[in-house]
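Student: I need the structure of the sequence given here:
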Amino acid sequence: MNRSINKFLMKRKGLHYSAILSSVLLLQACGGGLAGGNNKDIDTMRPVAGTEDVSARPRPPEGAVVITTDQHMIYDALKKPIFLRGVNHLYGDSPTTHINGIAAIKLAGSNAIRLQINENTTETQFEGAMAKIVEAGLVAVVTLTAPGDKLTCTEDGAYLLNAVDTLWLKKFMPILVQDRFQSYIMLNIANGWGAMDIFNQDSLGYQEYIDTYKALIRKFRDAGFKFPLVIDAPSCGQDFNAFLNGRSRELMAADSAKNLVFGVHADGPKWNSSDEIINAATQLYNEKVPFIVTDVTGSGVAAEGDAPVDHKDLMEKAAGNVALAFDLPWSSADDGASYATTLDKALDLRGGAVLSTYVFLDKLYAEFELNSSGNYIQKGKLSFALYVTDSKGNTLKAGTTTASDLRSNQWSKLAYTLPKSAGDINPANLMNGATSFDLTSVTKLGIQILANGKKASLKAPIKFDDLSILPGVPPVYVAQFDSSTDEWIKAWGSVDVGQANGALTLKPTGGDFAIQLAGWNGPSINTIPFNKTLEVTYRVFLPAEYAGKNLWGKIFGQFGPGWSWNESPLNVSALKPGEWVELKKLVQFNETVAASDINTAQAFGMQIGGFSGTESAPILIDSISISDVNAKPTKTVIASQYKATFTKGTEGFVNAGWDNGKAVTSMANGELLVTVPAGDGGAINKGDINSVAEIDFKGGITVNMKVFIPADWAGSDFWIKFFMQDGNWNHFEYTPALDVSKFTPGEWTSLSFKVNEFPANFSRTLKPQMFGMQYGKVPAGTIKLDDIEIFGATQVDDSKPIFTMGFETEAQFNSVKFESATGAFTESGLATAKYSEWKVIPFGWLASSWKGNTGDKAVLDISKAEDIVDLTARGEDIVNGMFGIKATSIPANFYVAPKVN
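Tutor: Okay, here's the model as predicted:
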């Protein structure tokens, strides 16, 4: 059953997009498959919308065929899934001009149009547009707009409530009820109306928005309409959080027709990266309600504002993607399972190869617990690990992460670096009884999932995607002394050099000695590129009898025809008697040896002294490896993780409650205002900071902002400092208290803080709970803030992967096989645990806009002309791009009334 998804993705790469439909139909035939879940309403209350006598109103025909929906999909008149691919049309701005764009939008390949009308649109103009839409064979997402902030980007419901009564259910009613339009219409009640600047799924601030739409839904259903009602997200359509935590299902429960679609606008900082798009789509999918992107504004250019959206990235995500999923039958706290895929060929992963995957952690596994301060702390025990197997069947764990360190209900990256060489392997990471591991011959890559003490009652699917291996940089030289001294010989001093049991043996017979590779003794030294910065690693065992000796050491090299001498100290004091220890030393002869000599190495060695010469046990060296420290390509990614410009509100900044609510936040002229009474001491905080998925503290961050202090605060004793709290509410003040000397009262001051070190107890992986400003001893007045931005600087591996698996094909899915189980798990008991699941479910979108954008938004025009397809550069992407309209649009089916003879 689930294999149909992989077939769809195989075809998707070739742009045979009709496979989406066959996938969905096959899933339905198999009982729902990826569309899983149940249909239980969480609130069966349907509010009374009013007492108006509607008996005189026209009504749509009983039993009209309409577009329908289920938990995730939208279906046309023939009950076939449809994925909207189309364009917003600013029809209401100039109906006589824009009516000519409808046929052109169809000619561009669209299967849908978002027809924007307003209070000035006449009945005749609306009916004329609908007739053109029917003639073109387009789904009509009919949307009410209004000038300024009367409707869009406002939480004032007065205009909306009046418009539903006087426009939708009165002025436009004679058109909406017509039989010929019923199977074409999806009615988008209001464009981007509702609660502003919340962006926090746990907030209680959406209740008025939800209650208003409950009442409006009832009005439309009482009027007899069965077609889908599209509910735009609040805050200009961008705040999909309003639909989370069951609120979308609460609206669905209030709909007698169970035929709602939830609309979001891909605009602003919640949509301006791949991670943000994936996060939004994932959260909406998890709500088990159908959604579409009613407005795609992205063009990736600055003219769009502060957070341009990459429309090409969004279109690609909208085509859908699957993940590998496990629904494990937990029954004990010791349960665990391992799955692995066999590589096409054995890989040499020496030199610090990186294994990675993405995991989706259900909130259930985060195991939030209430602490004594009344805050929820993440205590999840479930653990994940990646491991590798060599050609002899030995297994090595690369790394482990527990649920307490992962962000819940979103995708997180797991990445682990393998040891550079056999000598770097920690025996504790050898698995299943292995005593060694061959990094030069890796044949399998695996995933281990362990309950790790988790309660068996905690059960939810676990998803993985994008399994990959980035290459390491194998050492430029390795000596392992398996059967010989590998050309290492005595250079001078008192020592017996030998080989035994896979190690070089060095028995001092005097006070000091030196060993070396020599050009006259063998070719190995000629393979070492001393013209580069190198790192040499010695794995050394110092016998217990050497305890208390004051040892010293150095490395040396001789180069060129004159055998020029170069040396550098070696910290042998790090050796621990009775233990194996790795000594690492940076070798920079390239900085001290003449360029004419550096490529002619005569000798390279190590000298150690401080012996008595009476020692009985030899020093052992298990391996010597030399690596090029700059061979692995890396790059520093500096990216804006969060920015607040306060153009549309307070951006979620509120009083933190530390002063009992005395300070008041507001927005004016694109600035955040913090009005405080005299003597106040408190804080403001971005209350929804934990909804900003892109904030990442794993690398260093820089926080920039502008602050305005009132002129009459000059000479006062006020102070300000800035802080954050991690996912477990650990407090961190990343600035000292700033007094008046750090500001120019009456003027804007630009501040910048680099944060590279964090407290030991501060989680750099969990989403932060607080990000704010604290103040004290303030006079009465208003502090202003603007342009608050967090930049992250992360060093990343810039190598090309040598293995990737995105589970796009049936072969990839089947290649992941059961390997082992612990606790109560058995292979037979896990036979059905593995399955395919959507990572991003295919979703519909309508791009902004065909023609007629003005000002900064003019860049969003798709066509240069109204009545013909004369595409802008952005329009070329949207219409003819790889995942554009023509490549992914499938015409919808509509009801055609039988002819009457």
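Student: Quick check: Tyr159 is in a helix.
Tutor: Yes - the assignment for Tyr159 by DSSP: H, G, I helix; E, B strand; the rest coil puts it in a helix.
Student: Need the per-residue pLDDT for the residue nearest to it when sequence neighbours are not counted.
Tutor: In space, and not counting its chain neighbours, Tyr159 is closest to Lys150: 4.7 Å by Cβ to Cβ, 6 or more residues apart in numbering. Using the backbone N, CA and C atoms, a C-beta is placed for each residue, glycine as well. In this model, Lys150 is scored at 94, pLDDT.
Student: Distance check, Val141 against Ile185.
Tutor: Distance of Val141 to Ile185, computed by Cβ to Cβ, to the nearest Å: 8 Å.
Student: Ile292: neighbouring residues, count only.
Tutor: Neighbour count for Ile292, taken as other Cβ atoms under 10 Å: 25.
Student: same for the strand or helix carrying it, what does it pack against?
Tutor: Counting by DSSP states H and E, the element that carries Ile292 is strand 291-296. When contacts are defined as 3 or more Cβ pairs under 8 Å, 6 or more residues apart in numbering; DSSP states H and E, strand 291-296 sits against strand 139-144, strand 229-232, strand 260-266, helix 311-318, strand 844-847.
Student: right, and these - which one's nearest Ile175?
Tutor: Taking Cβ to Cβ as the measure, those were each checked against Ile175, and strand 139-144 came out nearest at 9.3 Å.
Student: what angle sits between the closest one and strand 260-266?
Tutor: On the basis of axes from the mean of the first three to the mean of the last three Cα atoms, to 10 degrees, strand 139-144 is oriented at 70 degrees to strand 260-266.
Student: Pull up the gap between the residue of the chain most remote from its centre and Thr509, please.
Tutor: Centroid-distance maximum for the chain: Thr614 at 61.9 Å, with Cα atoms, centre = their mean. Shown here: Thr614 relative to Thr509, a distance of 9 Å by Cβ to Cβ.
Student: same question, Gln558
Tutor: Distance, Gln558 to Thr509, by Cβ to Cβ: 24 Å.
Student: These two: who's more crowded?
Tutor: Shown here are Gln558 and Thr509; by other Cβ under 10 Å, Gln558 has more neighbours (23 against 13).
Student: Tell me which helix or strand the more buried one sits in.
Tutor: Per DSSP H and E, Gln558 falls inside strand 552-559.
Student: That strand - contacts with which helices or strands?
Tutor: On a contact count with 3+ Cβ pairs under 8 Å, 6+ apart, strand 552-559 meets strand 564-569, strand 580-587, strand 601-609.
Student: Sheet partners, orientation included, of the longest one?
Tutor: Same thing as strand 601-609. strand 503-518 (antiparallel), strand 552-559 (antiparallel) (DSSP bridges).
Student: neighbouring contacts of it?
Tutor: Under the criterion Cβ atoms under 8 Å, 6 or more residues apart in numbering, residues 491, 493, 511-520, 525-526, 528, 530, 538, 551-560, 563, 570, 572, 619 lie in contact with strand 601-609.
Student: Also the shortest one?
Tutor: The contact list for strand 564-569, computed with Cβ under 8 Å, 6+ apart, reads 553-559, 585, 587-589, 592-594, 597.
Student: Show me the residue at the heart of this structure, geometrically.
Tutor: Asp275 (3.3 Å).
Student: And the helix or strand that one falls within, how far out from the chain middle?
Tutor: Assigned by DSSP H and E, Asp275 falls within helix 274-286. Here the centre of helix 274-286 is set off from its chain's centre by 9 Å, with Cα atoms, centre = their mean, to the nearest Å.
Student: hmm, who's touching that helix?
Tutor: With contact meaning Cβ under 8 Å, 6+ apart, helix 274-286 is reached by 72, 201, 240-241, 243-244, 248, 262, 264, 266, 269-271, 291, 310, 313-314, 317, 360, 409-411, 693-694, 838-841, 843.
Student: 6 Å - rerun?
Tutor: Residues from elsewhere that reach helix 274-286, judged by Cβ atoms under 6 Å, 6 or more residues apart in numbering: 240, 244, 270, 291, 313-314, 317, 410, 693-694, 840-841.
Student: Including pLDDT, could those residues go into JSON lines?
Tutor: Shown next, in JSON lines, are the contacts of helix 274-286 (pLDDT from 0 to 100):
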{"residue": "Phe240", "pLDDT": "95"}
{"residue": "Leu244", "pLDDT": "95"}
{"residue": "Lys270", "pLDDT": "74"}
{"residue": "Phe291", "pLDDT": "97"}
{"residue": "Asp313", "pLDDT": "90"}
{"residue": "Leu314", "pLDDT": "92"}
{"residue": "Lys317", "pLDDT": "92"}
{"residue": "Gln410", "pLDDT": "87"}
{"residue": "Ala693", "pLDDT": "75"}
{"residue": "Glu694", "pLDDT": "77"}
{"residue": "Val840", "pLDDT": "92"}
{"residue": "Ile841", "pLDDT": "93"}
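Student: Could you dump the residues you listed into a markdown table and include distance to Ser332 and neighbour count?
Tutor: Formatted as a markdown table, the contacts of helix 274-286 follow (distance: Cβ to Cβ, whole Å; neighbours: other Cβ atoms under 10 Å):
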| residue | distance to Ser332 | neighbour count |
| --- | --- | --- |
| Phe240 | 38 | 29 |
| Leu244 | 32 | 20 |
| Lys270 | 40 | 26 |
| Phe291 | 38 | 27 |
| Asp313 | 43 | 20 |
| Leu314 | 43 | 25 |
| Lys317 | 38 | 24 |
| Gln410 | 28 | 17 |
| Ala693 | 34 | 22 |
| Glu694 | 38 | 18 |
| Val840 | 34 | 21 |
| Ile841 | 33 | 22 |
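Student: picking that back up, neighbours around the residue nearest to Tyr159, how many?
Tutor: Lys150 has 17 neighbours, counted by other Cβ under 10 Å.
Student: So it versus Asn162, what's the distance?
Tutor: 10 Å.
Student: how about the helices of the stretch 701-850 of the chain, start to end?
Tutor: 810-815 (DSSP state H, counting those that start in this stretch).
Student: Point out where this protein drops to low pLDDT.
Tutor: 1-55, 298-308, 795, 899-901 (pLDDT under 70).
Student: In contact with the residue nearest to Ile638 when sequence neighbours are not counted, which residues?
Tutor: Leaving aside its chain neighbours, Ile638 sits nearest to Ala793 (5.0 Å; criterion: Cβ to Cβ, 6+ apart). For Ala793, the contacting residues are 636, 638, 699-700, by Cβ under 6 Å, 6+ apart.
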